[in-house]
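S.K.: After the sequence you'll find the predicted model.
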Amino acid sequence: MSNLKNDKMTNYRWWICAMLFFATTVNYMDRQVLSLTWKDFIAPEFHWTDGDYGNITAIFSIIYAIAMLFAGRFVDWMGTKKGYLWSIGIWSLGACIHAVCGWATEVTLGVESVHDLINATDKTAITATAIATVSVYYFIAARFILAMGEAGNFPAAIKVTAEYFPKKDRAFATSIFNAGATVGALAAPVTIPSLASYFKEIGFGNGWEMAFIVIGGLGFIWMAFWVFMYTKPNESRHVNKAELIYIEQDKDKEEVKEDVKEEKSMSFLQCFKYKQTWAFAFGKFMTDGVWWFFLFWTPAYISDVYHLPSDNPTAQLLIFVLYAITMLSIVGGWLPTYFVDKKGMNPYAGRMRAMLIFAFFPLLALFAQPLGEYSYWFPVIIIGIAGAAHQAWSANIFSTVGDMFPKTAIATITGIGGMAGGVGSFLINKGSGTLFDYAAETNMAFMGFEGKPAGYFIIFCICAVAYLIGWIVMKALVPKYKPIVLD
């Protein structure tokens, strides 16, 4: 025992966490290539309207939500290592396939070159409408593959976190890899349009094709590292005895004995009979859409309300500052560890206490529009704080799955919650677009605001209270720590 106490603990679990961080960063960059290239690079070639782009993104959201329901089950079935490899391999392939959509459109329509696509009109043999329709179908097919693969990222990452971290540290580890979403959101606007412009200048098509290939190729590089770096902690030569004991500190004697036996699995339908599943799913349904609303609509908000287009340096600075503020979410992942270590709470109680604290910060969104009358910096900073609170909340709500469910079911439950979050995201973003169009057309008035500002104020109010509602329902369904034990 004395020798064990003197052994310096390895920290290989943080190398694994770094791999999850980079996977999540690539995940978010891959899905943003289209949004950052369609307006200036793709639309002129295929004669897309806003409606065409809206159809592609809406279908992507639905496919992603449905795929989340099954992705977790797939990861549980395949195992963490193979499941993650399949997931990122499929979405990287899907990202790269976007690059051949132009060629496929040309072949289908019998067009000889990209110039014929660009110069087509509704009066030519191959009409602009036909080009738009065919190309949209090809891009939907590519987005289908991308969505199927990307749906596996969070179920796999949460499962890895449960394998490599004790319960008290899981929210902190999750907040670190979840920060990859913010880093991806920061890196994409800086790199992707520049890549497209560079390759267009040197004659590689219209440039956007190589942007998809370069960013999509990052996933294949990650796969090469994952093959050699990942094994389960008790099988890894990089994890010494001291670190393994730290990772497995939650196990009691009975659990250790059960590890020798084959772990029992939970059927897919069986997952839905537990209140813990519904608590997690409802929390995701209420809050995931808030993050996606901020991600998709803040540039439009800055343009609509303050008349700063996305290529304006001030607008770019505002977006950068917003996402820089969200990096504060890493601190939120540490808070449950403090409650466990210093206050003696069990991991679930500490996590719910932390989530309640985070649920109050989005209430600041109630003041975003009123304070925005004085300066656009006020709403941007408030949205940044709300975004940071969301990411901290997200890290902890993901970790509640590991608190409650056996490891064999973690990815499945994460997928079920992910689908619920995807449906919530679709509803708030689709509803926002409809509301904003209505507000602009009717010059709708609400609480002293008119037109689109009134519409944004309504959505900000919904975002402000979503977390408290989610927390109250979760607490009502699962008031105390109650892990699932399979007979």
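M.R.: Perfect, I can see it now.

S.K.: and the strand or helix carrying I56, what's its mean pLDDT?
M.R.: In the assignment (DSSP states H and E), I56 maps to helix 50-78. Averaging pLDDT along helix 50-78 yields 80.

S.K.: what packs against it?
M.R.: helix 12-37, helix 80-97, helix 128-150, helix 153-164, helix 410-442 (3 or more CB pairs under 8 Å, 6 or more residues apart in numbering; DSSP states H and E). Placement of C-beta: from N, CA and C, glycine included.

S.K.: Single out the most deeply packed of the ones you listed.
M.R.: helix 153-164 (a mean of 27; mean count of other CB atoms under 10 Å).

S.K.: quick one: the helix or strand following that one to helix 12-37, angle?
M.R.: Remark: after helix 153-164, the chain's next helix or strand is helix 167-201, criterion DSSP H and E. Helix 167-201 and helix 12-37 are oriented at 40 degrees to each other (axes from the mean of the first three to the mean of the last three CA atoms, to 10 degrees).

S.K.: which other helices and strands contact helix 167-201?
M.R.: Counting by 3+ CB pairs under 8 Å, 6+ apart, the packing neighbours recorded for helix 167-201 are helix 12-37, helix 153-164, helix 208-229, helix 313-326, helix 329-343, helix 347-360, helix 377-404.

S.K.: export those helices to TSV and tack on mean pLDDT?
M.R.: Below are these laid out as TSV (pLDDT from 0 to 100):
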stretch	mean pLDDT
helix 12-37	89
helix 153-164	87
helix 208-229	93
helix 313-326	80
helix 329-343	74
helix 347-360	87
helix 377-404	86
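
S.K.: Pick the most deeply packed of these.
M.R.: helix 153-164 comes out most buried of the helices and strands packed on helix 167-201 by mean count of other CB under 10 Å, with a mean of 27.

S.K.: so what does it touch, helix or strand wise?
M.R.: With 3+ CB pairs under 8 Å, 6+ apart as the test, helix 153-164 has helix 12-37, helix 50-78, helix 80-97, helix 167-201, helix 377-404, helix 410-442 packed against it.

S.K.: For I202, grab phi and psi.
M.R.: For I202, the backbone dihedrals (degrees, to the nearest 10) come out as phi -90, psi 0.

S.K.: Next one: it from A58, what distance?
M.R.: If you measure I202 against A58 using CB to CB, to the nearest Å, the figure is 34 Å.

S.K.: One more: G102?
M.R.: Taking CB to CB, one finds G102 at 22 Å from A58.

S.K.: between these two, who's got more neighbours?
M.R.: Set G102 next to A58 and count neighbours by other CB atoms under 10 Å: G102 wins out with 22 against 14.

S.K.: which SSE is the more buried one in?
M.R.: Judged by DSSP H and E, G102 forms part of helix 101-109.

S.K.: one step back: what would the helices and strands packed on helix 167-201 look like in CSV with distance to H98?
M.R.: Formatted as CSV, the helices and strands packed on helix 167-201 follow (distance: least, CB to CB, whole Å):
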stretch, distance to H98
helix 12-37, 7
helix 153-164, 18
helix 208-229, 4
helix 313-326, 24
helix 329-343, 30
helix 347-360, 36
helix 377-404, 27
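
S.K.: and the helices and strands packed on helix 153-164 as JSON lines, adding distance to L328?
M.R.: Listed next are the helices and strands packed on helix 153-164 as JSON lines, based on distance: least, CB to CB, whole Å:
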{"stretch": "helix 12-37", "distance to L328": "16"}
{"stretch": "helix 50-78", "distance to L328": "27"}
{"stretch": "helix 80-97", "distance to L328": "28"}
{"stretch": "helix 167-201", "distance to L328": "10"}
{"stretch": "helix 377-404", "distance to L328": "4"}
{"stretch": "helix 410-442", "distance to L328": "22"}
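
S.K.: And the helices and strands packed on helix 50-78: which comes nearest G180?
M.R.: Nearest of the helices and strands packed on helix 50-78 to G180, taken as CB to CB: helix 12-37 at 3.1 Å.

S.K.: That closest one - contacts with which helices or strands?
M.R.: Packing partners of helix 12-37 (3+ CB pairs under 8 Å, 6+ apart): helix 50-78, helix 80-97, helix 128-150, helix 153-164, helix 167-201, helix 208-229, helix 241-247.

S.K.: and of these, who's closest to A359?
M.R.: Nearest of the helices and strands packed on helix 12-37 to A359, taken as CB to CB: helix 167-201 at 14.7 Å.

S.K.: Can you report the mean pLDDT over the residues of the closest one?
M.R.: According to the model, helix 167-201 has a mean pLDDT of 81.

S.K.: from the chain's centre, how far out does that helix sit?
M.R.: Relative to its parent chain, helix 167-201 has a centroid offset of 10 Å by CA atoms, centre = their mean, to the nearest Å.
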